[in-house]
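# Take a look and give me a structure for this.
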Amino acid sequence: MKSLVLVVAGIVVALGGAGIVVPETLIGIGRHMVTPAGLYAAGALRIGIGLVLILAARQSRAPGMFRAIGALAFVAGLATPIFGVESAQARLNWEAAHLTILRFEGGLFVCLGTMIVSAILPAKT
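Numbering: from 1, shown residues only. Below you'll find the predicted structure:
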C-alpha cells in the first residue's frame, strides 16, 4: 500500500509542479480532457486516489489527514462527472485568465504531495 501512496504523492507533486512551471500546458491538456469520457476518467482517478489514501491511513503517521484528504478526493471524484463539461470548461477558462492563482494552487499541491510522502515514510530517529 505504501508504494501506491508514493505513486499518488508523485502524481500530486507532478501536477502541482506543472501548475507552477508550465500552467499554460496544463490548461491545454485540461482542454483536451474536457469531454464526457475525460470527466469520467478524471473522476475515476480521483476516486482511486481517495480510496488509496483512506486505505493507507492506518499505516501512516497522520491517519486523520489521510482520511480527510482521501474523503475529499473521493467526493470530488464522484462530483466530477455530475458537474459536467460546461462547468469544467468554465473553470479552465477562469484558470487560464488567472495563471497566478493556478501557480499558487500548484504550490499547494506540491506541499500536499510532500506531506503525504513524509507521513507515509517511517520517521527518522
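# Name the nearest residue to residue 45, ignoring sequence neighbours.
Once flanking residues are discounted, residue 45 sits nearest to residue 77: 7.2 Å by C-beta to C-beta, 6 or more residues apart in numbering. Backbone N, C-alpha and C define where each C-beta goes, glycine included.
# For the helix or strand the one you found falls within, list every residue counted as buried.
According to DSSP states H and E, residue 77 maps onto helix 63-97. By neighbour count with 16 or more other C-beta atoms under 10 Å, helix 63-97 contains the buried residues 65-67, 69-70, 73-74, 77, 80-81, 88, 92, 95-96.
# Is residue 123 part of a helix or strand, or is it coil?
On the three-state scheme (DSSP: H, G, I helix; E, B strand; the rest coil), residue 123 is labelled coil.
# Residue 61 is in contact with that one, correct?
Yes. Residue 123 sits in contact with residue 61 when judged by C-beta atoms under 8 Å, with a separation of 6.5 Å.
# Give me the more crowded residue out of these two.
residue 61 (12 against 7; other C-beta atoms under 10 Å).
# contacting residues around that one?
Contacts for residue 61 (C-beta atoms under 8 Å, 6 or more residues apart in numbering) come out as 118-120, 123.
# same question, residue 16
Neighbouring residues of residue 16 by C-beta under 8 Å, 6+ apart: 105-113.
# Now that we have those, which of them are buried?
For the contacts of residue 16, buried by 16+ other C-beta under 10 Å: 105-106, 109-110, 112-113.
# got a pLDDT number for residue 124?
The model reports residue 124 with a pLDDT of 79.
# quick one: low-confidence ranges for this structure?
Within the chain, the segments meeting pLDDT under 70 span 125.
# For the closest residue to residue 50 other than its chain neighbours, give me its contacts.
Nearest non-adjacent residue to residue 50, counting by C-beta to C-beta, 6+ apart: residue 74, 3.1 Å away. Residue 74 sits next to 46-47, 50-51, 54 when contact means C-beta under 8 Å, 6+ apart.
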